[in-house]
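Novice: Fold the following for me, if possible:
(one chain, ligands or ions: 1)
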Amino acid sequence: MGGESRVARGEKSLDLAGRVRPSLASFEPYDPAFAPCRVNLSANENTHEMPAEYAGALRAALAATPLNRYPDPMANALRDALAERHGVSRGNIVVGNGGDEVLFNLLMAFGGPGRTLVTCPPDFSEYALFAQMTETPHVAVPRDAEDFSVDADALVAAASDAALVILTSPNNPTGDLLDHAVLRRLLDETDALVLVDEAYVEFAPEGTSVVGLVAAEPRLVVLRTLSKAFGLAGVRAGYLVADPSVVDVLGAVRQIYSVDVLAQAAALAAVTHRGALAPVVADVVSERERLSAGLSALPGVRTWPSAGNFVLVRVAGAHRVWERLRDEHSVLVRDFSSAPGLEGCLRISVGTREENDVLLDALATLLREEA
Ligand code: PMP
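Specialist: Residues are numbered from 1 along each chain as shown. Have a look, this model is predicted:
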């Protein structure tokens, strides 16, 4: 076969080393270690049954949506409904394919080489991932190892020459809330854009959200999602509330059709009928408190107070406990035990009363056996 090329000989193989953009070369596909289970409390979804009015409005909106037309790239009807929700204008809202997309776009637009991002880990892992993807230098101001509180002085100092700060309230996975005084200091004492990620804020006490400050603070950006309280994790719809100048930049860099017609229709119906959600959210919150109390009562389990729809626990042999819950009880939670600052920790999403009872019983049995 002397002079024949490798392609002609059918020996096609692609050596990717050196071809992949260097900043991305070490990346691996996102794997939250999902496994199909009887009870899935691993992804902070809303597993509660939705009220008939809300579910019916969503079904009707989806059924009435033609699939042959491109989506409105500006998603104006949805932006108007969201603007009305927050008492702002359409020009203050940019939507995305989940909060993930708007987070990525924020890093792409306002990060990049030479523009530092500051975060307070342990927090949502995508901040660090998106910083790396967009070649944004990342400075971490770690939370207190015991109570996960933020060191305000260290944060303000780190933010003094940063382009962007991301704070999460309630924080995932620790469950604690942003102290508004810390935000005030960042806005007054630094020049950074500050993103407050409020993905879980509907589960937090009244007065937690800082979305009302956006009108007066052009450097404040607030992230919201329909994946949690609204029960639409599968739809992929999230958004930012921000100054119109920030919205314009993000509107210009986003994938124009990233929020498809079904997502826009479902999200619009959900936001319009959000009044029906109040009992569901109240039920999640009361289940969170019951779950948390049940977990704290188990021998050797430490919990932290949470304002989200999840509870972080620390337990001896956490990885093994996680594996046994999955394999012997078909209960899936999230294993953070090898993540920095979260040694021995598992995150348990708040499910329905029945799901939470299955988890509590399984964990009690398992801890008895491990003792
Ligand atoms: N922010 C935080 C803190 C989250 O935990 C999540 C999802 N787990 C998101 C943003 C993004 O959610 P989504 O892309 O589903 O809107």
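Novice: buried residues in stretch 97-114?
Specialist: 97-111 (16 or more other C-beta atoms under 10 Å). (Each C-beta comes from the backbone N, C-alpha and C, glycine too.)
Novice: From the recorded domain assignment, give the ranges for the chain.
Specialist: 33-49+277-370, 52-275 (automatic domain parsing).
Novice: how about the ones you listed, which one is nearest the ligand?
Specialist: Across the domains of the chain, the ligand has its closest neighbour in domain 52-275 (2.7 Å, C-beta to the nearest ligand atom).
Novice: Surely residue 351 touches residue 359?
Specialist: Yes: using C-beta atoms under 8 Å, residue 351 is in contact with residue 359, at 7.1 Å.
Novice: list residues touching both of those two?
Specialist: Common contacts of residue 351 and residue 359, defined by C-beta atoms under 8 Å, 6 or more residues apart in numbering, comprise 39, 41.
Novice: Which residue ranges of the stretch 251-371 of the chain form strands?
Specialist: Secondary structure of the stretch 251-371 of the chain by DSSP state E, counting those that start in this stretch: the strands cover 302-303, 310-314, 331-332, 334-335, 345-349.
Novice: Show residues contacting stretch 53-72.
Specialist: For stretch 53-72, using C-beta under 8 Å, 6+ apart, the contacting residues are 50, 257, 259-266, 268-270, 272-273, 276-277.
Novice: Pull out the buried positions in that stretch.
Specialist: 54, 55, 57, 58, 61, 65, 71.
Novice: Quick one, which of the domains of the chain gets closest to residue 12.
Specialist: domain 52-275 (28.5 Å; C-beta to C-beta).
Novice: Need the three-state assignment for the most centrally placed residue in the chain.
Specialist: The geometric centre of the chain, computed from its C-alpha atoms, lies nearest to residue 199 (C-alpha atoms, centre = their mean), at 5.7 Å. Look at residue 199: counting by DSSP: H, G, I helix; E, B strand; the rest coil, its state is coil.
Novice: Residue 100 now?
Specialist: Going by three-state DSSP: residue 100 is helix.
Novice: contacting residues around it?
Specialist: 126, 238.
Novice: Tell me how many other residues crowd residue 241.
Specialist: Neighbours of residue 241 under the rule other C-beta atoms under 10 Å: 29.
Novice: That one contacts residue 92, doesn't it?
Specialist: Yes: between residue 241 and residue 92 a contact is recorded at 5.6 Å, counting by C-beta under 8 Å.
Novice: so what's in contact with these two at the same time?
Specialist: Joint contacts of residue 241 and residue 92 (C-beta under 8 Å, 6+ apart) are 86, 214.
Novice: Against residue 290, how distant is the closest residue to residue 47 other than its chain neighbours?
Specialist: Distances taken as C-beta to C-beta, 6 or more residues apart in numbering put residue 351 closest to residue 47, at 4.8 Å, once the chain neighbours are dropped. Residue 351 sits 11 Å away from residue 290, going by C-beta to C-beta, to the nearest Å.
Novice: the more surrounded of those two?
Specialist: residue 351 (23 against 15).
Novice: Helices along the stretch 251-371 of the chain, start to end?
Specialist: For the stretch 251-371 of the chain, the helices defined by DSSP state H, counting those that start in this stretch cover 261-272, 278-296, 318-329, 353-370.
Novice: quick check, residue 77 in a helix?
Specialist: Yes: secondary structure assignment places residue 77 in a helix (three-state DSSP).
Novice: That one: neighbouring residues, count only.
Specialist: For residue 77, using other C-beta under 10 Å, the count is 16.
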